[in-house]
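> Provided below for reference: sequence and predicted model.
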Amino acid sequence: MNPTESRPEALVNTLVVVGTGFMGASIAAAAKAARLANSVVGVDAAQANTALSFGHVDLAFASLAEFTQWAKSSAPSVSGLAVVVASPVPSHASVFAELEALDQHFPLQWLTDIGSTKHGVIAAANQNLKNL
């Protein structure tokens, strides 16, 4: 893009990437580069701070519960929330349960995952995402 051209408006205000290992951090970095979101948040107990140090995310949290607590105090800046679940499929049940709690405070615009198998993802979603 030419530096004098205006950038397109972001599609969402806040993109949360749950799981910031190789694939999740790559998605976060691409979303930032394309300005798909005004703010990109990484959630991962082991890797979020690494993604932050490389500039792949704007904010890093160890858990969705920690992000939710922070977001409650920053509510206006968190509107327009979208989530990419990039954690291993066996973790999806607990991630989806935390997303259900997050959605009570901040309705999600969209939710997607990059799990390699859909059977486990669908089962976890049916069990834990009752209101989404």
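That came through fine.
> go through the longest helix along the chain and flag the buried ones.
When the chain is parsed with DSSP state H, its longest helix is helix 92-105. By neighbour count on 16 or more other CB atoms under 10 Å, the buried set for helix 92-105 is H92, V95, F96, A97, E98, L99, L102, D103. (Each C-beta comes from the backbone N, C-alpha and C, glycine too.)
> the third one touches L129, doesn't it?
Yes: A contact is recorded between F96 and L129 when judged using CB atoms under 8 Å, the distance being 5.1 Å.
> which parts of the protein are helices?
Under DSSP H, the chain gives helices at 22-33, 48-53, 64-73, 92-105, 118-128.
> just how off-centre is stretch 49-66 within its chain?
Distance of stretch 49-66 from its chain centroid, counting by CA atoms, centre = their mean, to the nearest Å, is 10 Å.
> in that stretch, which residues are buried?
Buried residues in stretch 49-66 (16+ other CB under 10 Å): N49, T50, A51, L52, H56, V57, D58, L59, A60, F61, S63, L64.
> what's the spacing between the closest residue to A10 other than its chain neighbours and L111?
With sequence-adjacent residues excluded and distances taken as CB to CB, 6 or more residues apart in numbering, A10 is closest to N38, at 4.7 Å. Distance of N38 to L111, given as CB to CB, to the nearest Å: 18 Å.
> related to what we said a few turns ago, the residue nearest to A10 and V12, how far apart?
N38 is 8 Å from V12, by CB to CB.
> try G120
According to CB to CB, G120 and V12 sit 26 Å apart.
> before we move on, what about Q109?
Separation of Q109 from V12 (CB to CB) stands at 6 Å.
> can you check which residues contact both of these two?
Residues touching both Q109 and V12 by CB atoms under 8 Å, 6 or more residues apart in numbering: G80, L81, A82.
> name the member of those residues with the most neighbours.
Among the shared contacts of Q109 and V12, the one with the most neighbours (other CB atoms under 10 Å) is L81, at 24 neighbours.
> and the residue nearest the centre of the protein?
V16 (1.8 Å; CA atoms, centre = their mean).
> doesn't L99 make contact with T112?
No: T112 is beyond contact range of L99, at 11.7 Å (criterion: CB under 8 Å).
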